[in-house]
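Undergrad: sequence? don't have it. structure:
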């Protein structure tokens with residue numbers, strides 16, 4: 001992203017925020033409000049949430065609030081993933097907790113490891129040897145007529 005006449009506040013961005021800003025498509029931000037809304041939607045999951053139960057509040061209400069927060073983080077996690085097999089698998093299964101996502105991630109890692117082993121085994125089988133194959137080791141006898 002090219003900054004035309006930027007100010008010192010933009011130059012204070014560091015780390016992930018700076019990487020995000022640098023990767024914005026050209027001409028995607030026209031106004032400061034565009035930048036603010038884009039930034040907030042990207043980093044809203046980083047906002048600290050306060051969960052406390054008031055004296056008059058029922059336990060059920062607290063559990064509902066906790067469940068809403070869990071769902072929020074699951075959606076934020078999925079939104080941050082790049083498209084691919086793991087992202088697609090999560091979209092199909094619709095996990096409701098980070099624990100379910102962790103279990104799916106472990107399974108996905110195991111599948112990738114198995115696929116890599118199979119590919120390596122196939123590549124080893126294709127490596128040519130110095131010995132000629134049996135079909136070519138025996139030369140045909142010439143026919144005399």
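TA: Yep, that arrived. Because the structure is a prediction, the values reported are computed rather than measured. Residues are numbered from 1 along each chain as shown.
Undergrad: neighbours around residue 100, how many?
TA: Here the number of neighbours of residue 100 (other Cβ atoms under 10 Å) works out to 14. C-betas here are computed from N, CA, C, even on glycine.
Undergrad: again, but for residue 101
TA: Summarising burial for residue 101: neighbours were counted as other Cβ under 10 Å, giving 19.
Undergrad: mind listing what's buried in the helix or strand hosting residue 21?
TA: In this assignment (DSSP states H and E), residue 21 forms part of helix 15-22. Buried positions in helix 15-22, judged by neighbour count with 16 or more other Cβ atoms under 10 Å: residue 21.
Undergrad: What is it packed up against?
TA: Applying 3 or more Cβ pairs under 8 Å, 6 or more residues apart in numbering; DSSP states H and E, we find helix 15-22 packed against helix 32-43.
Undergrad: and the angle for the helix it packs on with helix 15-22?
TA: 130 degrees (axes from the mean of the first three to the mean of the last three Cα atoms, to 10 degrees).
Undergrad: Packing partners of the helix or strand just after helix 32-43?
TA: Beyond helix 32-43 on the C-terminal side, the first helix or strand identified by DSSP H and E is helix 59-80. Other elements packing on helix 59-80 under the criterion 3+ Cβ pairs under 8 Å, 6+ apart are helix 85-93, helix 98-126.
Undergrad: Can you name every helix or strand that the longest one contacts?
TA: Using 3+ Cβ pairs under 8 Å, 6+ apart as the contact test, the elements touching helix 98-126 are helix 59-80, helix 85-93.
Undergrad: weakest of those by average pLDDT?
TA: Comparing mean pLDDT over the helices and strands packed on helix 98-126, the weakest stretch is helix 59-80, at a mean of 77.
Undergrad: Give me the buried positions along that one.
TA: Across helix 59-80, burial judged by 16+ other Cβ under 10 Å covers residue 74.
Undergrad: Next, the angle helix 98-126 makes with that helix.
TA: Orientation check (the same axes, to 10 degrees): helix 59-80 against helix 98-126 gives 30 degrees.
Undergrad: could you give the angle of helix 59-80 to helix 85-93?
TA: Angular relation of helix 59-80 and helix 85-93 on a 0 to 180 degree scale: 140 degrees, by the same axes, to 10 degrees.
Undergrad: how's this structure carved up into domains?
TA: For the chain, automatic domain parsing gives the domain ranges 1-47, 49-126.
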